[in-house]
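In: next comes the sequence, and after it the predicted model I'd like to discuss.
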Amino acid sequence: MSEPSVTIPVMVYRNADALPRTTESILRLDLTDPEVLLSDDGSPEDQRHKLEAAAEQLRKKYRRVRVIVNEENVGTVRHFNGLIDRAEGDYIVPCSAGDSFADAATLRLLAERMERRGELILSARHRDLYPDRVKVRPGALFGMMQNRLPKTALRSMITKRNQISGCAVIYTKKLFESFGKFDEDYRLLDDFPYYVMLLKRGVKFPYVHRVLTEHPMGGVSNGSVHPQIYRDIRTMRRKLLADPAGLDGRTLEYLKKTVKEENDGD
């Protein structure tokens, strides 16, 4: 079996110092010819040489390495959409500077599985690395729900939170060709509304109980939530209420109540 064609977009915004951890893990991958896109979204110019340094390291092993720079910050959603357009691989595995692949083989094995089964999207697990502990997400119970009871998983995500690890998802080009890219009505919240849309439309979205990536907590990832995330979540709720197809009664009642409370609080 030939090696799957994989693109790894590495998204950078004011955290180019974290690139060595990511690039070192990419260099350890059991892949001979991935495409790597090092992409900065409007960071200060004094950080850009760090992308070139990372690219130089990657080019010692891989031939398809590109540096992309947005002169102005466009936000996560538009940034990722632009990288989807540029990606040449059949499988797209995004990560942020500082993230790393947990081992050498899992990415290749999961892409091969997707190729065999014709899967459009696949989610795995990731490790959050805190200074004093390690947390693996998502929990096995939600993963089972995602595989066996997708409507229940959908309700759980809308009424609680996104429980699919966006930093451990593999997309295919065919998925975006069939269902479109991320909704640019959102600025920072790319994956959550997209996953809800897929589950709402009955798209098969399998989960595997295997760790794909690791994400260090601290610094930029300090547990705080950007206010724009909350604004994006409010936008998502209103969009869902305006187009309720695929939602069950309990989910709709939750949305009606929550949106009313938000409106009353404005």
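Out: Good, I have the coordinates. Numbering: from 1, shown residues only.
In: tell me, how many residues neighbour the residue lying closest to Ser165 once chain neighbours are set aside?
Out: Taking C-beta to C-beta, 6 or more residues apart in numbering, and ignoring the residues beside it in sequence, Ser165 has His126 as its nearest neighbour in space, at 4.6 Å. Glycine gets a C-beta too; all of them are placed from N, C-alpha and C. Neighbours of His126 under the rule other C-beta atoms under 10 Å: 23.
In: residue boundaries of the strands in the protein?
Out: Here the chain has its strands, by DSSP state E, at 6-12, 35-41, 64-70, 91-92, 95-96, 100-101, 121-129, 134-137, 169-172, 207-216.
In: which residues does Arg125 bridge with?
Out: Beta-bridge pairing for Arg125 (DSSP bridges): Val211.
In: closest one to Gln163 among the strands of the chain?
Out: Among these, strand 134-137 comes nearest to Gln163, with 7.8 Å by C-beta to C-beta.
In: for the residue positioned nearest the centre of the chain, give me its contacts.
Out: Most central in the chain under C-alpha atoms, centre = their mean is Gly166, positioned 3.4 Å from the mean C-alpha point. The contact partners of Gly166, by C-beta atoms under 8 Å, 6 or more residues apart in numbering, come to Asp190, Asp191, Phe192, Tyr195.
In: per-residue confidence for the first one?
Out: So that's Asp190. Looking at Asp190, its pLDDT is 91.
In: which of the contacts of Gly166 fall in helices?
Out: Using DSSP state H, the subset of the contacts of Gly166 located in helices is Asp191, Phe192, Tyr195.
In: pLDDT score assigned to Phe101?
Out: With respect to pLDDT, Phe101 scores 98.
In: can you count the residues close to it?
Out: Phe101: 23 surrounding residues under other C-beta under 10 Å.
In: quick check, it in contact with Ile26.
Out: Yes: using C-beta atoms under 8 Å, Phe101 is in contact with Ile26, at 6.9 Å.
In: which residues do those two both contact?
Out: Here Phe101 and Ile26 have no joint contacts, going by C-beta under 8 Å, 6+ apart.
In: which stretches in the stretch 1-150 of the chain count as helices?
Out: With DSSP state H, counting those that start in this stretch as the criterion, the stretch 1-150 of the chain has helices at 19-27, 48-58, 76-86, 106-117, 140-148, 150-159.
In: Lys200: what's it in contact with?
Out: Counted by C-beta under 8 Å, 6+ apart, Lys200 has contacts Leu154, Leu240, Ala245, Gly246, Leu247.
In: buried sites along stretch 27-46?
Out: Under the neighbour-count criterion of 16 or more other C-beta atoms under 10 Å, stretch 27-46 has Leu29, Leu31, Pro34, Glu35, Val36, Leu37, Leu38, Ser39, Asp40, Asp41, Gly42, Ser43 buried.
In: and the two most separated of these?
Out: Greatest spatial distance among these (C-beta to C-beta): Leu31 and Gly42, at 29.5 Å.
In: hmm, back to that, any idea how far the residue nearest to the centre of the chain is from Val196?
Out: Note on Gly166: its distance to Val196, by C-beta to C-beta, to the nearest Å, is 12 Å.
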